[in-house]
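> I'll drop the sequence and a predicted model, then ask my questions.
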Amino acid sequence: MKKIFIALLAAVAAFSASAQDDYLSLNASFNLSRPSSKGSDFKFGPGVSIGADYTFFVYNSVFVMPGINFNFSTWKIKDADDYLPDPSKYEKFSSNFRALSIGIPVVAGYQFGFSEKCSLKLYTGLQANIGLTNKFHYSYQLAGDKFNEDIDMYGSNGLWKRFDLAWKTGVGVHIDNFYVGLNTQIGFLNLNAKKGGATIHQNTIQITLGYSFF
């Protein structure tokens, strides 16, 4: 049994070490986003992303993978007082954040080949996120009438910064040309534009489905 296990490890290592061709991938993701802050009680919200990345091998199975993605993210906050004066005066009040952004990741990793049709990739690196829009959306009833309004979080009087850097770490499996993966993004820049305000970091979990052109 021990010899069989060693032989399998040797086979995987030999296949992984062989030269591999570069390839383009198109991806779609389901996101869960939640800022972290000591002063606010944020909650996870769903979102979606579409994008592309290009995997090129720099040495055997070691690769660098730049990409670009377009993201729609939402999240909630339990206490909206920081963004809306006295929300308690409204009836049936609800709110969330709705943001559009561009992500530009550059990661490096290693791809383990188990067969010609199946491989595992591990990667880590940086992702720059550029905010396009970020709206604090709220709805309420007043005197029986329904209202929907937005507050812009960006701009000269905005409460959030547009640019963020995140540390991205992920794992994925290729089966034929299809790909399924999971990654996390942990922001390390303070997104709070208010001087003296609580530090805010954006965090995201992504489940990705993709197709690679080998």
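Received the coordinates, thanks.
> Would you mind pulling up the elements that the helix or strand hosting residue 92 packs against?
Secondary structure from DSSP states H and E places residue 92 in strand 91-113. With contacts taken as 3 or more C-beta pairs under 8 Å, 6 or more residues apart in numbering; DSSP states H and E, strand 91-113 sits against helix 2-17, strand 42-59, strand 62-77, strand 118-142, strand 163-175. C-betas here are computed from N, CA, C, even on glycine.
> any chance of those in CSV, plus mean pLDDT and mean neighbour count?
Putting those into CSV (pLDDT from 0 to 100; neighbours: other C-beta atoms under 10 Å) gives the following:
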stretch, mean pLDDT, mean neighbour count
helix 2-17, 45, 11
strand 42-59, 97, 16
strand 62-77, 97, 18
strand 118-142, 94, 17
strand 163-175, 98, 17
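> Now do the same contact list for the nearest residue to residue 130 once chain neighbours are set aside.
In space, and not counting its chain neighbours, residue 130 is closest to residue 102: 4.8 Å by C-beta to C-beta, 6 or more residues apart in numbering. Residue 102 makes contact with 68-71, 129-130, 132 under the criterion C-beta atoms under 8 Å, 6 or more residues apart in numbering.
> Please apply the same query to residue 95.
When contacts are counted by C-beta under 8 Å, 6+ apart, residue 95 touches 76-77, 80, 83-84, 87, 136-139.
> Please list the residues outside stretch 138-152 that contact it.
Outside of stretch 138-152, the residues within contact range by C-beta under 8 Å, 6+ apart are 80, 83-84, 87, 90-95, 133-137, 158.
> Dump it to CSV, restricted to CA.
The C-alpha coordinates for stretch 138-152 follow below in CSV (Å, rounded to 0.1, in the frame of the first residue of the first chain):
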residue,chain,number,x,y,z
TYR,A,138,-33.4,52.8,1.7
SER,A,139,-37.2,52.4,1.5
TYR,A,140,-39.9,53.3,3.9
GLN,A,141,-43.5,54.3,4.3
LEU,A,142,-44.8,57.6,5.5
ALA,A,143,-48.4,58.4,6.0
GLY,A,144,-49.2,55.2,4.0
ASP,A,145,-47.1,56.2,1.0
LYS,A,146,-44.1,54.2,-0.1
PHE,A,147,-40.7,55.9,-0.9
ASN,A,148,-37.4,54.7,-2.3
GLU,A,149,-34.3,56.9,-2.0
ASP,A,150,-30.5,56.7,-2.5
ILE,A,151,-27.6,58.4,-0.8
ASP,A,152,-24.3,58.6,-2.8
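> starting at the chain centroid, how far to that stretch?
30 Å (C-alpha atoms, centre = their mean, to the nearest Å).
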